[in-house]
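K.L.:
My questions concern the predicted model and sequence given below.
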Amino acid sequence: MFKSAVVTSEDVFTLGLGRRLGEELIGKMGQAPDACWVFCSPEKGIQAMLEGIHEAVGTRNMVGCTTDGEISSIGLTTGSVVLGGIASDQLQFQVAVVEGLGAKSETAGRKLAQGFGQDVRYVQLFSDGLTGNGCALLRGMAAILGPELPISGGTAGDNGKFKQTWQFVGNRVLTDAAVAIGFSGQFQLGTGIRSGWTPIGLAKKVTRASGNVLYELNGESALNVLERFLGHHADKLPAIGVEYPLGLLGEWGDVGEDDYYLLRATMAVDRDEGSITFAGEIPEGAMVSLTCGDTDSILAASEKAAQLAMADLGEYEPAMIFCYSCMARKIVLGRLTQQEINRIRAVIGTSVPIIGFYTYGEYCRIQCEGPSVLHNETVTLSVLGDSACGE
């Protein structure tokens, strides 16, 4: 039997607030948690607040990060902190951390994965959203854990300032780091992802790229191609790029089901060399297309992601929802962002606790038994199911 709960506060971050949140969580669960998640705005007082939470809950299995918006059972909040916890005699947890992420991300991923035992069945990962390479981090982890072990989570944010993000493990506050928590024991995992963006125009081949920097499409400057597409909106780059992400096609990004495409969001442009920097890697030789979406399709995608996660769970009872959604979705949805969370909860159940945040990049598998990848502009759901309820 799982016990889970989520609490939140918009009060000033202090040691006392941390203690109160920890005590409130224990009160809602009826016992101390075996593992905790903390997501918050990058406000002053984080260190003291974490120490208060850590002191109250009494578990070293505590991870989290700063965000671009916090998700809890009351919906979207900003300038806040959300704390979630799980307790169960069916589950065991392990935490791992690696610092210096920006130096060699693939090596960091290997080191992080080595912190888990062979019985780990699922990992949640939270990494710096401004340093390192999330794709390389996942490659390193997969080299140790195997490509089929599911990894979900997100990259940390800082309310859209793009200056510095922080990651948490226990009562420690880090930057340029990755923290992770591994699950083992008896449970069922349901995952679902969708974006709501669809390709427009003819597909083009990536003829020159390096990492997350795209130089040429069909032998032409990538920036020229994007500016021609955007027309009079081109002077709004790179900001307007979140509305028209690049979609990777075929073997590079889709699963041949419901026209899902792996998206890459524009982060910066270099007008002198005609290149575009994206929030994830662009493989040279890949076929890509510009994509577009609207509020209706984005919200429908959130609902579809929830349906896919529930289909994964089968007859098992959902016990906790982890939602990691892209900040670009929040930008496009604006005042409708709350509806994204409402639609997810309507499918999975309004009584099931939900916790998460708006990210600078999302980690999740595209389909069951498939590898975990870094997404942009996508909502990713990981629903923990109580295996005892399915027997």
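P.N.:
Here it is on my side, so go on. Predicted model, so just to flag it, every value in this text is computed and none were measured.
K.L.:
Please count neighbours and contacts with C-alpha atoms only from this point.
P.N.:
Noted.
K.L.:
how much space between V57 and I331?
P.N.:
35 Å (Cα to Cα, to the nearest Å).
K.L.:
Please apply the same query to S80.
P.N.:
With Cα to Cα as the criterion, S80 and I331 are 18 Å apart.
K.L.:
and what of G170?
P.N.:
G170 sits 31 Å away from I331 when distances are taken as Cα to Cα.
K.L.:
These two: who's more crowded?
P.N.:
G170 (21 against 13; other Cα atoms under 10 Å).
K.L.:
quick one: low-confidence parts of the stretch 101-250 of the chain?
P.N.:
Nowhere does the stretch 101-250 of the chain drop to pLDDT under 70.
K.L.:
quick one: the helices in the stretch 101-250 of the chain?
P.N.:
Counting by DSSP state H, counting those that start in this stretch, the stretch 101-250 of the chain has helices at residues 105-113, 134-145, 222-230.
K.L.:
Show me what counts as buried in the longest one.
P.N.:
Spelled out, it's helix 134-145. When burial is assessed from 16 or more other Cα atoms under 10 Å, helix 134-145 yields the following buried residues: G134, C135, A136, L137, L138, R139, G140, M141, A142, I144, L145.
K.L.:
Please name every helix or strand in contact with it.
P.N.:
Where contact means 3 or more Cα pairs under 8 Å, 6 or more residues apart in numbering; DSSP states H and E, helix 134-145 is packed against helix 105-113, strand 372-375.
K.L.:
Turn those into JSON lines, columns for distance to E10.
P.N.:
Converted to JSON lines, the helices and strands packed on helix 134-145 look like this (distance: least, Cα to Cα, whole Å):
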{"stretch": "helix 105-113", "distance to E10": "32"}
{"stretch": "strand 372-375", "distance to E10": "29"}
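K.L.:
okay, those, which one's buried deepest?
P.N.:
Taking mean count of other Cα atoms under 10 Å as the contact definition, the stretch among those with the greatest mean neighbour count is strand 372-375, which reaches a mean of 26.
K.L.:
List the neighbours of that one that are in contact with it.
P.N.:
The contact list for strand 372-375 (Cα atoms under 8 Å, 6 or more residues apart in numbering) reads 134-135, 138, 147-152, 262-264, 280, 361-366.
K.L.:
Restricting to C-alpha, output it in CSV.
P.N.:
Backbone C-alpha positions of strand 372-375 (Å, rounded to 0.1, in the frame of the first residue of the first chain) are rendered in CSV as follows:
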residue,chain,number,x,y,z
SER,A,372,14.5,7.6,-22.4
VAL,A,373,15.3,10.9,-24.3
LEU,A,374,15.5,14.6,-23.8
HIS,A,375,12.4,16.5,-25.0
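K.L.:
On the three-state scheme, A300 is what?
P.N.:
Reduced to three states with DSSP: H, G, I helix; E, B strand; the rest coil, the structure at A300 is helix.
K.L.:
Can you tell me the closest non-neighbouring residue to it?
P.N.:
Nearest-residue entry for A300: G196, 7.0 Å, with adjacent residues in sequence omitted and distances by Cα to Cα, 6 or more residues apart in numbering.
K.L.:
picking that back up, would you turn the helices of the stretch 101-250 of the chain into TSV with distance to Q164?
P.N.:
Shown next, in TSV, are the helices of the stretch 101-250 of the chain (distance: least, Cα to Cα, whole Å):
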stretch	distance to Q164
helix 105-113	17
helix 134-145	16
helix 222-230	27
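K.L.:
now the strands for the stretch 51-200 of the chain?
P.N.:
Using DSSP state E, counting those that start in this stretch, the strands of the stretch 51-200 of the chain run over 62-66, 70-72, 75-77, 81-87, 91-99, 122-127, 151-155, 167-169, 172-174, 177-185, 188-194, 198-199.
K.L.:
which one of those strands is the most hemmed in?
P.N.:
Mean neighbour counts were taken over these using mean count of other Cα under 10 Å, and the top value, a mean of 30, falls to strand 62-66.
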